[in-house]
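*Asks:* Next input, structure requested:
(one chain, ligands or ions: 1)
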Amino acid sequence: MKNIPYGRQLIDKDDIRAAVEVLKSDWITQGPKIKEFEDALTRYCGAKYAVAVSSGTAALHIACLAAGLKEQGEAITTPITFLATANSIIYSGAKPVFADINYATVNIDPKEIKKKITKKTKAILPVHFAGLPCDMSEIHKIAKDNNLTIIEDGCHAFGAEYRSKGKWVKIGSCRYSDMTVFSFHPVKHITTGEGGAITTNNRKIYEKLLALRSHGTYKTQEMIEGKGLWYYEMRDLGFNYRITDIQCAIGLSQIRKIDDLIQKRLRIAEIYDKEFGSIDGVEIPRVNKDKKHTYHLYLLKIDFDKLKTSRKKFVSLLKKKGIFTQVHYIPIYKQPYYKKRYKVNSKNFKNSEKYYKKALSIPIYSKMTDSEVKRVVSNIKELLNGN
Ligand SMILES: *Cc1c(COP(=O)(O)O)cnc(C)c1O
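*Replies:* As a prediction, this is how the structure comes out:
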């Protein structure tokens, strides 16, 4: 029997053809496909600018730098996210400060953000967890009142939307933020192998991000006219965070299929909702009418104590059946590195702790077949019923 992972890519003939075409062309990196992919991202998300980079983590890193994060500064984020969100704050030299989640949505709680603001706070990094948008207009208001930059971590939420003042707002449009970050790792909605991007509506931020992607170098028309075609200036300490044309060609091919890729996830989520929605001791994701969830992850909250079992046993029994589940995530403040440096008291994170005890992500990905979905449902139900 084939193993069922919690997530994986869907690569088809078109994606392969697109990559091969680039390999036969003159530019395999720093060529025309990068801008083409960025333009496709801005069109889809509804933002003015996009900068494609080598990973979601690289995107977060230069977004933090473009936001002006540095030593002595602080940025607020959720402890229930992938390590990269908080790590990127540390890369910039600033201190990550955690604000507790709302237990029902598993997203950062705006009320908790307010409590964590100090004179040193410079930015907020909300994460649209699992693919469910945060309350952006509320977070935006807090940021405005306190002069803070907002970097949305949209790595889980490509294609997701929320309604604000009667209008649907897409993640990545930066309607209520300065930047949005995406990842194109194989488990995400679209993939380029490794890869990431930042969208923004701010020209200054856009230019800074372009420079940081490539060693902090600038080349303007003025410089070319004054000094010559060869001239450039390094004004910031940047990196090589470039993405290749090969990857961008795959990304372009993937984004053409995005509606279908999301639809497939929604259909699986609908089946899971129906199958697990009325089981005692199990909570399914609840989505209110003002949000469109795109299910990077499908999260169950299981009361393992009530079911007289343990998550450890549950996960390993499923693995024996070839079904791979995961816990997203261990609250970041529990990681040894963070514990040693920041000494966070877990007692102040009641909702994160409560969620962490119950969390289990079950397989969901666009390539999942009906029979694989059935296998997951029947095996999990069997365990939940204790037989
Ligand atoms: C995947 C992910 C990232 C990092 O992306 P990489 O492309 O793996 O570097 C950051 N934040 C969140 C929430 C993610 O899920």
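*Asks:* Quick one: mean pLDDT for stretch 172-191?
*Replies:* Stretch 172-191 comes out with an average pLDDT of 98.
*Asks:* what do you get for stretch 341-357?
*Replies:* 96.
*Asks:* from here on, count from 40
*Replies:* OK, 40 is where the count begins now, so the last one is stretch 380-396.
*Asks:* Flag every residue of the stretch 240-389 of the chain that's near the ligand.
*Replies:* When proximity is defined by Cβ under 6 Å from any ligand atom, the stretch 240-389 of the chain lies next to the ligand nowhere. Where you see a C-beta, it was placed from the backbone N, CA and C, and this is true even at glycine.
*Asks:* Can you show me the helices along the stretch 240-389 of the chain?
*Replies:* 242-252, 260-266, 284-294, 297-315, 350-359, 375-381, 389-397 (DSSP state H, counting those that start in this stretch).
*Asks:* Highest mean neighbour count out of these?
*Replies:* Of all those, helix 284-294 carries the top mean neighbour count, a mean of 25, counting by mean count of other Cβ atoms under 10 Å.
*Asks:* With just CA atoms, put it into PDB.
*Replies:* Presented in PDB, the C-alpha positions along helix 284-294 are these (Å, rounded to 0.1, in the frame of the first residue of the first chain):
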ATOM      1  CA  ASP A 284      14.300  30.900 -14.300                       C
ATOM      2  CA  ILE A 285      13.800  27.100 -14.300                       C
ATOM      3  CA  GLN A 286      11.900  27.500 -11.000                       C
ATOM      4  CA  CYS A 287       9.900  30.500 -12.100                       C
ATOM      5  CA  ALA A 288       8.800  28.700 -15.300                       C
ATOM      6  CA  ILE A 289       7.400  25.900 -13.100                       C
ATOM      7  CA  GLY A 290       5.800  28.500 -10.900                       C
ATOM      8  CA  LEU A 291       4.200  30.200 -13.900                       C
ATOM      9  CA  SER A 292       2.800  26.800 -15.100                       C
ATOM     10  CA  GLN A 293       1.500  26.100 -11.500                       C
ATOM     11  CA  ILE A 294      -0.200  29.400 -11.100                       C
END
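*Asks:* Ala250 versus the residue lying farthest from the centre of the chain, what's the distance?
*Replies:* For the chain, the largest distance from the centre (Cα atoms, centre = their mean) belongs to Gly265, which lies 42.5 Å off. Here Gly265 is placed at a distance of 19 Å from Ala250 (Cβ to Cβ, to the nearest Å).
*Asks:* In which helix or strand does the residue most central in space within the chain reside?
*Replies:* Compute the mean C-alpha point of the chain, and by Cα atoms, centre = their mean the closest residue is Cys194, 1.6 Å away. Secondary-structure assignment from DSSP states H and E places Cys194 in no helical or strand segment.
*Asks:* didn't it look like it was pressed against Val226?
*Replies:* No. Judged on Cβ atoms under 8 Å, Cys194 makes no contact with Val226 at a distance of 9.9 Å.
*Asks:* Need the overlap of contacts for these two.
*Replies:* His335 (Cβ atoms under 8 Å, 6 or more residues apart in numbering).
*Asks:* ok, the closest residue to the ligand within the chain - contacts?
*Replies:* When scored by Cβ to the nearest ligand atom, the chain has Gly95 as its residue closest to the ligand, at 2.4 Å. Gly95 is in contact with Ala123, Cys194, Val220, Phe221, Ser222, Phe223, His224, Lys227, Gly234, Gly235, counting by Cβ under 8 Å, 6+ apart.
*Asks:* and the closest residue to it other than its chain neighbours, what are its bridge partners?
*Replies:* Spatial nearest neighbour of Gly95, chain neighbours left out: Ser222 (2.6 Å); criterion: Cβ to Cβ, 6 or more residues apart in numbering. Beta bridges link Ser222 to Gly235 when assigned by DSSP bridges.
*Asks:* can I assume Ser222 is in contact with Ile237?
*Replies:* No. In this structure Ser222 lies outside contact range of Ile237 using Cβ under 8 Å: 10.9 Å.
*Asks:* any common contacting residues for the two?
*Replies:* Common neighbours of Ser222 and Ile237 (Cβ under 8 Å, 6+ apart) are Ala98.
*Asks:* how about the helix or strand harbouring Thr219 against the ligand, any contact?
*Replies:* Thr219 belongs to strand 218-222 when assigned by DSSP H and E. Yes. Using Cβ under 6 Å from any ligand atom, strand 218-222 reaches the ligand at Ser222.
*Asks:* Send me that strand as PDB with only the CA atoms.
*Replies:* Provided in PDB are the C-alpha atoms of strand 218-222 (Å, rounded to 0.1, in the frame of the first residue of the first chain):
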ATOM      1  CA  MET A 218       4.100  43.200   2.700                       C
ATOM      2  CA  THR A 219       2.900  39.600   2.300                       C
ATOM      3  CA  VAL A 220       5.300  36.700   2.100                       C
ATOM      4  CA  PHE A 221       4.700  33.400   0.300                       C
ATOM      5  CA  SER A 222       6.500  30.000   0.100                       C
END
